[in-house]
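Compute the structure for the input listed below.
(3 chains)
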Amino acid sequence: MVFSFMLPKNGNFFDLFDKQVDYAVDAATRFAIIVADLKVDDSEVERMKELERLGDEVTHQIMDQLNKTFITPFDREDIHVLTNELDDIIDMLYTITKRLRTYKILTPDRNLTEFARVIEMSVKSVAYAVKGLRDMKHPDKILKACIEVNSLENLGDRMRDDMLGELFEKYADDPVAVIKWKEIYQEVETVLDVCEDAVHVVGSILVKQA
Amino acid sequence: MVFSFMLPKNGNFFDLFDKQVDYAVDAATRFAIIVADLKVDDSEVERMKELERLGDEVTHQIMDQLNKTFITPFDREDIHVLTNELDDIIDMLYTITKRLRTYKILTPDRNLTEFARVIEMSVKSVAYAVKGLRDMKHPDKILKACIEVNSLENLGDRMRDDMLGELFEKYADDPVAVIKWKEIYQEVETVLDVCEDAVHVVGSILVKQA
Amino acid sequence: MVFSFMLPKNGNFFDLFDKQVDYAVDAATRFAIIVADLKVDDSEVERMKELERLGDEVTHQIMDQLNKTFITPFDREDIHVLTNELDDIIDMLYTITKRLRTYKILTPDRNLTEFARVIEMSVKSVAYAVKGLRDMKHPDKILKACIEVNSLENLGDRMRDDMLGELFEKYADDPVAVIKWKEIYQEVETVLDVCEDAVHVVGSILVKQA
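Okay, here's the model as predicted:
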């Protein structure tokens, strides 16, 4: 834009989004470690809670910035929705971690461990896509990361279906276990849905700037 | 509008919405057949998946069209929300079909069969209302279809409550069956909620054009 | 605003919001009484249904007013979202009441009774905050009510986690009871989430007017 030198520097949004996706990646990595060990002790939950708090803080900073800034690097609505989706990713990982502790799920579950790795991959691709918005030098690479997140959501959908099928067979005589794991399995899949929603926003920003 | 001859032809949106609601009606009709038989074999699931894919495609075409078109036949936000609601209807019917297979639910259930017929009626009324937007010649008939969808949602609410009540009595000794059917019953009811959301958009388009 | 004398009187929005939050407080108070007694007879459900109907009516009036009014006292989008959140509060309380009856839950539960009191406190703070928007004379008091709602949501989150933990221990041998109460406990907590969403809108209105 020719008059861009006259505008207030909006780079701040990018710095805040960078921070937010870094927290999301941190949360996803930590979650993958937690479920691999299933030692969900208080200190693990506290660390996830701290990430959730930091994530909240940066969401508020972004919303604040949005209310104060007249010209934004992309559609206000897109900024608003994107920061909320990213916040949701961290919130959900924290909530599931707490739920594992509440349900006293103490034995690692191969299915959950694998699923957590898919989440980690997805969140990393979300982070790549969001960070790419800063200079848009490689829209093709951003797009590729978005497509990756979509594929991982499809994979996660199939994984969750298989996991639920197995669950009902494995615990046919333990309905309380079915109740617990069914919730966990369905919750982890929705994290991938939110990742997909996040890159949908990124995709629509790309299209508008094209 | 007097200058309408100068504007690009926007009829395309109506063609795309026609396509989308036709897919939704197809999915609802197929769903009603599936649950009446409960032979949820792979070919049935594949056919629902194909409808889901076609529905996705037309949603993307509508969003694409939206990004490219300067003047739209009604509010951009309304087009955006409406296409997403219609897409959700098909997605949910596909998801529930898969869930029936995952849960190995193989005996037809009279309650579910009846509910699927209510869904089919509701989706057909949604289709009627959406198709009516093209020429708005009969706003009263569109409105009647919207009201029908609302009534069916209220009916579905009561049916679901009764079905849940029955379920807990019938399967008091089979908690795993309770878990499965409770999810199915609650999911089918949300399809009617989304139909209602869709006609709310239609209603607000009507009001603005009045 | 200097030209405010030229504008149509928009006070009506405030009257309608006052009405809507009064219904919400009524519903929350009634809900607290119902769960303390757990005599969820038909007349109790009918009274909640009546409040739900009145709440719906005022929501439609607000949306109607929104479509007819050119200049609104605050952002159209904020009015739209706020009225929907307030409507959701009443709807959810009605839905949970019906669910208690459907599940034939007849023995009062200390946890649920306490939770309903937290909901009542939260809805009263939401009402205080929304009513405060009329003259904005005491933005600090509005803000304090918003913060109160946030704190109650955090408290509710912890309460729900504890309640779920207890539930799985108490009813380890009664999975059907686990299924019922788990749903109830999780549903009541989402009422506090919606209260929080409502005051988020109030908060953002405050910021924009500051």
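
where are the low-confidence patches of chain A?
Along chain A, segments meeting pLDDT under 70 span A:1-11, A:210.

Tell me the gap between the biggest helix by length in it and the middle of its chain.
Assignment by DSSP state H gives helix A:175-209 as the longest helix of chain A. Distance of helix A:175-209 from the chain centroid (CA atoms, centre = their mean, to the nearest Å) equals 8 Å.

any residue of that helix up close to chain B?
Yes. On the criterion CB under 8 Å from any CB of the partner chain, helix A:175-209 is in touch with chain B at A:175, A:178, A:179, A:182, A:204, A:207, A:208. From N, CA and C alone the C-beta is placed, and that goes for glycine too.

Check which helices and strands that helix is in contact with.
helix A:76-102, helix A:110-132, helix A:139-170, helix B:42-68, helix B:175-209, helix C:175-209 (3 or more CB pairs under 8 Å, 6 or more residues apart in numbering or on different chains; DSSP states H and E).

Distance to residue A:68 and mean neighbour count added to those helices, as a markdown table?
As requested, the helices and strands packed on helix A:175-209 are exported to a markdown table (distance: least, CB to CB, whole Å; neighbours: other CB atoms under 10 Å in any protein chain shown):
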| stretch | distance to residue A:68 | mean neighbour count |
| --- | --- | --- |
| helix A:76-102 | 12 | 21 |
| helix A:110-132 | 21 | 22 |
| helix A:139-170 | 27 | 17 |
| helix B:42-68 | 28 | 16 |
| helix B:175-209 | 31 | 20 |
| helix C:175-209 | 9 | 20 |
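
Same list (the ones you listed) but as a markdown table, adding distance to residue B:140.
Below are these laid out as a markdown table (distance: least, CB to CB, whole Å):
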| stretch | distance to residue B:140 |
| --- | --- |
| helix A:76-102 | 34 |
| helix A:110-132 | 47 |
| helix A:139-170 | 42 |
| helix B:42-68 | 27 |
| helix B:175-209 | 10 |
| helix C:175-209 | 35 |
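
quick revisit: any idea of the angle the longest helix of chain A forms with helix C:139-170?
Interaxial angle of helix A:175-209 relative to helix C:139-170 (axes from the mean of the first three to the mean of the last three CA atoms, to 10 degrees): 140 degrees.

Looking at the residues of helix A:175-209 next to chain B, which is nearest chain C?
residue A:175 (3.8 Å; CB to the nearest CB).

In contact with the closest one, which residues?
Residues in contact with residue A:175, defined by CB atoms under 8 Å, 6 or more residues apart in numbering or on different chains, are B:175, B:176, B:179, C:175, C:178.

which of those sit farthest apart?
Longest distance between any two of the contacts of residue A:175 is 12.2 Å, between B:176 and C:178; criterion CB to CB.

any residues touching stretch A:84-96, and which ones?
A:17, A:20-21, A:23-24, A:27-28, A:30-31, A:48-49, A:51-52, A:55-56, A:59, A:119, A:123, A:126, A:130, A:184, A:187-188, A:190-191, A:194-195, A:197-198, A:201.

Nearest to chain B within chain A, name that residue for me.
Counting by CB to the nearest CB, chain A gets nearest chain B through residue A:175, at 3.8 Å.

tell me which parts of chain A are close to chain C?
Contact residues (CB under 8 Å from any CB) of chain A with chain C: A:63, A:64, A:67, A:98, A:99, A:102, A:103, A:104, A:175, A:176, A:179, A:180.

Residue A:105: how many residues sit nearby?
Each residue near residue A:105 was counted by other CB atoms under 10 Å in any protein chain shown, and the total is 18.

So it, which state does it fall into?
Put simply, residue A:105 is coil when judged by DSSP: H, G, I helix; E, B strand; the rest coil.

which residues sit in contact with it?
Residue A:105 neighbours (CB under 8 Å, 6+ apart): A:38, A:40, A:180, A:181, A:184.

contacting residues for the first one?
When you say that, I think you mean residue A:38. A:100, A:105, A:106, A:107, A:108, A:109.

between these, which is nearest residue C:156?
Set against residue C:156, the nearest of those by CB to CB is residue A:100 (20.0 Å).

Just give the nearest non-adjacent residue to that closest one, would you?
In space, and not counting its chain neighbours, residue A:100 is closest to residue A:40: 4.8 Å by CB to CB, 6 or more residues apart in numbering or on different chains.

what are the phi and psi angles of the one you found?
Per-residue torsions, residue A:40: phi -80, psi 70 (degrees, to the nearest 10).

Kindly report the same for residue A:107.
Torsion angles, degrees, to the nearest 10, at residue A:107: phi -100, psi 130.

Ok, residue A:134 next?
phi -60, psi -50.

ok, now how distant is it from residue A:140?
According to CB to CB, to the nearest Å, residue A:134 stands 16 Å off from residue A:140.

Checking residue A:136 next. Helix, strand or coil?
Under three-state DSSP, residue A:136 comes out as coil.

how many other residues sit next to it?
Counted by other CB under 10 Å, the residues lying close to residue A:136 total 14.

Now do the contacts for it.
Neighbouring residues of residue A:136 by CB under 8 Å, 6+ apart: A:142, A:206, A:209.

re the thing from before, closest one of the contacts of residue A:175 to residue A:74?
Scanning the contacts of residue A:175 for proximity to residue A:74, where the rule is CB to CB, the winner is residue B:179, at 43.9 Å.

Ignoring the adjacent residues along the chain, who's closest to that closest one?
Spatial nearest neighbour of residue B:179, excluding adjacent residues (CB to CB, 6+ apart): residue A:178 at 5.8 Å.
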